[in-house]
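**Student:** Just need the structure, nothing else, for what follows:
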Amino acid sequence: MDIFEITGNETGVSRAGVNFLQPADSYQNLQNGFIYRQVLQSRQGIGYFAPRLAGETRVFGIFEHTLPDTSKKLLAVDQNYLYKYNTATGVFDQVAFGGTLLASGYAGFNISQKDYYVSGTSYPTADNLGRFVFTGHGMSTLLGASGIFFYDDASNTVMDDANTTDNTNYAAPIGGALTKPDYVFWFGERLNFVNPIIAGIQFNQMMLFSGIRTTSGNGDKFNVAGSGDVSIDTYENITGASILGQVIAINADRSNWIIEKTRDAFNPYFTRKIPSVLGTNAAFSAVSWNDTVKSIGKTGIIETDSRQSLRGDNKIPYFTRDEMDQKDFNLTYGGFDRLNNQFLWAFKELEADTDTQNKVLVNNYEEDTWSVYDQRFSVFGQTDVGIDLAWNQIEAASGNPSWGRWDTTEDIWDRIGLGEQVQKTLAGDDLGFIYELNQDFDDYFATISGVTNAAQCVVTINATAFKAGDKVVIQNVGGMLDSFGVSGINNFDTTGNLLTKPVYTIVSRTDTSLTLDHDTTLLTAYTAATGTISKVISFRAETIPFNPYRDQGRRVVVSHVEFLIDNNGGSLLVDVLADEEEAPFKQNILLQPDSESTKARQWITMTVKSEANFFTFVMKQESPAVQLRITSMRIHCKAGGLTSG
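**Tutor:** Numbering: from 1, shown residues only. Coordinates of the predicted model:
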């Protein structure tokens, strides 16, 4: 009998006579799970980073603003306003308009399309004070606004960056008035605007740059020596731009370009084209990391390192064509998760019944693995800004709603209230919520203040982003008892085994109420403002078809399979499929660690005793409470009869 082990870790079992397989090459079709440090695991949940933005509209950007004194501020932009995170209260405060915007009665950015994302950069003033410049193609230019704005640290207001009254150092380019470009960077001690509109004409192949920042204000002037523009030599539109080390990477419809610095202060840039087989179609999909920019086109995912451009999706070569909505392709937004070494792209699934993103494509660059998450994010951001609290300050009124109960808090226990200096990956959504990723372990979460007795009960909650179709569980509700005096609505299960406690599905929702497919007519009344509701994380991972004897023309006989599972990761359900059958011949085999074991991990055996041309093993879990981690999978097998084809 041979042993094939999918692992990258020491498992505590003799390695003699074992054939080792890499997890990155052994698992496929990962949903709400990923491989990290060679361990297959379900994804962690999300938590509310702060109370909902006051505008309650789509989040178009999340930015960490670095000031000249190295301190930081966290900013967010929704459909109409800029917000600044208040580290004293843990709330995003809406920033007022000032200067000419206030005087003219400017009412908001009025971003009309969901794919009109906002670009921003920290850029000090001539006298070295903090300023954050931001812009976007969708910014309103009503009442004379330029569509280019800046957050002024001194006055704590938003003003017009291309208006000499608000920005006294500003000087327009010689060609005419400058309005709402697509991207802005501080690079080479200059302001750089990509795809600017000058005198009403959109320049889709241009980067406009100011003079070098000086105490006389040349960094805001576009008509002085050293200012100017550079264009890529193509008919294509620029569809992405990002800083890559000492160069700016430019993505176009069918090519990639690099803008490099020169040593000539009066001609500071030159362009060069990188040979490429793919282009970029999602304008805000570009993500820079590890000397590489990854961006997404309708024909694939492209990687650029300033020397060459190559496909980065060899394991999922048809994903962008077959899985992503082509009509709303530009909704795709890229981000990076430093904690798990993952590139993230929020996208709209093909033929999805939604008008915005409903999935996240995940690429772990260390493991070279891909997965898809069921999450509804509009944008991503990163920060180590947060709120620090003493233990007696942690409560639900000003902060995370889950702090209302010690046994339901979403925070990791040794980090509760310690927001400062902890690196965080953030995401926004369509409703004005901003989340922190990688929280143990709930997804969407809300406190309950009422439940009706009805064929389809209605649960009253605090404002959340639950959607119809979400699977949810409930715990700690008071009342709602059946004839045996047992709660008939609480179905929260911390073991990760939801077979014995069916989940509920949301039939319809409002911001503060959820209608569930659960009959409570025979239960007693809800008695107190207690209880919480959480969205379930549905994990699934398949192995590639397994038969190590195919090159010998033999079938494979599998005796049994062992799984090394973390003891606190809940139970695992496994399906076994033979050959290309759609239905498994073994289904929902429950593998549950011994709750009384003192070991951190346990080996659990599943009997197969079957022969086939190849086997596929499907691992599943539905849980709101635990993170499943599979360190190893050992398949005991031998060669069988001749293959049947």
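**Student:** I'd like to know which elements the host helix or strand of Asp229 is packed against.
**Tutor:** For Asp229, the element it lies in under DSSP states H and E is strand 228-231. With contacts taken as 3 or more C-beta pairs under 8 Å, 6 or more residues apart in numbering; DSSP states H and E, strand 228-231 sits against strand 206-209, strand 269-274. Placement of C-beta: from N, CA and C, glycine included.
**Student:** now for the helix or strand that that strand is followed by, which elements pack on it?
**Tutor:** From strand 228-231 onward toward the C-terminus, using DSSP H and E, the following helix or strand is strand 238-244. Contact analysis of strand 238-244 by 3+ C-beta pairs under 8 Å, 6+ apart lists strand 183-187, strand 247-252, strand 287-289, strand 292-297 as its packing neighbours.
**Student:** Mind putting the ones you listed into JSON lines with distance to Ile533 and mean pLDDT?
**Tutor:** As requested, the helices and strands packed on strand 238-244 are arranged in JSON lines below (distance: least, C-beta to C-beta, whole Å; pLDDT from 0 to 100):
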{"stretch": "strand 183-187", "distance to Ile533": "40", "mean pLDDT": "95"}
{"stretch": "strand 247-252", "distance to Ile533": "42", "mean pLDDT": "94"}
{"stretch": "strand 287-289", "distance to Ile533": "33", "mean pLDDT": "89"}
{"stretch": "strand 292-297", "distance to Ile533": "34", "mean pLDDT": "94"}
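**Student:** that older thread, of all the helices and strands packed on strand 228-231, which lies closest to Ser26?
**Tutor:** Of all the helices and strands packed on strand 228-231, the one in closest proximity to Ser26, counting by C-beta to C-beta, is strand 269-274 (33.7 Å).
**Student:** relative to strand 247-252, how tilted is the closest one?
**Tutor:** 50 degrees (axes from the mean of the first three to the mean of the last three C-alpha atoms, to 10 degrees).
**Student:** Let me know which of the helices and strands packed on strand 238-244 is tucked in deepest.
**Tutor:** Of all those, strand 292-297 has the most neighbours on average by mean count of other C-beta atoms under 10 Å, namely a mean of 26.
**Student:** Other residues contacting that strand?
**Tutor:** 240, 242, 244, 249, 251, 278-282, 285-287, 301-305, 312, 320, 324, 332, 334, 343, 345, 347, 363 (C-beta atoms under 8 Å, 6 or more residues apart in numbering).
**Student:** List the pairing partners of the helix or strand just after it within its sheet, with orientation.
**Tutor:** As assigned by DSSP H and E, the chain's next helix or strand after strand 292-297 is strand 300-304. As defined by DSSP bridges, the strand partners of strand 300-304 come to strand 292-297 (antiparallel), strand 309-311 (antiparallel).
**Student:** which residues are contacting strand 300-304?
**Tutor:** 244, 249, 251, 256, 258, 274, 276, 278-280, 292-296, 309-313, 317, 319-321, 363.
**Student:** rewinding a little: quick check on the contacts of strand 292-297: which are buried?
**Tutor:** Buried members of these, counted by 16 or more other C-beta atoms under 10 Å: 240, 242, 244, 249, 251, 278-282, 285-287, 301-305, 312, 320, 324, 332, 334, 343, 345, 347, 363.
**Student:** what's the following helix or strand after the helix or strand that contains Gly450?
**Tutor:** Using DSSP H and E, Gly450 maps to strand 445-451. Downstream of strand 445-451, the next assigned helix or strand under DSSP H and E is strand 458-461.
**Student:** which helices and strands sit right next to that following strand?
**Tutor:** strand 445-451, strand 513-516.
**Student:** how about 10 Å then?
**Tutor:** strand 445-451, strand 504-510, strand 513-516, strand 532-535 (3 or more C-beta pairs under 10 Å, 6 or more residues apart in numbering; DSSP states H and E).
**Student:** can you point me to the longest helix in this structure?
**Tutor:** Among the segments of the chain that qualify as a helix by DSSP state H, the longest is helix 99-104.
**Student:** Strand partners (parallel or antiparallel) of the helix or strand just after it?
**Tutor:** Using DSSP H and E, the helix or strand that follows helix 99-104 in sequence is strand 119-122. Under the criterion DSSP bridges, strand 119-122 sits next to strand 131-135 (antiparallel) in its sheet.
**Student:** Kindly check the end-to-end length of stretch 148-162 for me.
**Tutor:** Taking C-alpha to C-alpha, to the nearest Å, the first and last residues of stretch 148-162 lie 6 Å apart.
**Student:** same deal with stretch 493-509?
**Tutor:** Across stretch 493-509, first to last residue, C-alpha to C-alpha, it's 24 Å.
**Student:** Also stretch 337-355?
**Tutor:** 25 Å.
**Student:** With stretch 478-487 instead?
**Tutor:** Terminal-residue distance, stretch 478-487 (C-alpha to C-alpha): 8 Å.
**Student:** neighbouring contacts of it?
**Tutor:** 448, 451, 453, 457, 474-477, 488-490, 520, 522-531 (C-beta atoms under 10 Å, 6 or more residues apart in numbering).
**Student:** for the helices and strands packed on strand 458-461, which one ends up most surrounded?
**Tutor:** The stretch of the helices and strands packed on strand 458-461 with the highest mean neighbour count (mean count of other C-beta under 10 Å) is strand 532-535, at a mean of 26.
**Student:** For the helix or strand that comes right after that one, name the packing helices and strands.
**Tutor:** Sequence-wise, the next helix or strand downstream of strand 532-535 (DSSP H and E) is strand 537-543. With contacts defined as 3+ C-beta pairs under 10 Å, 6+ apart, the packing partners of strand 537-543 are strand 27-31, strand 33-36, strand 39-42, strand 369-373, strand 572-578, strand 615-623, strand 629-642.
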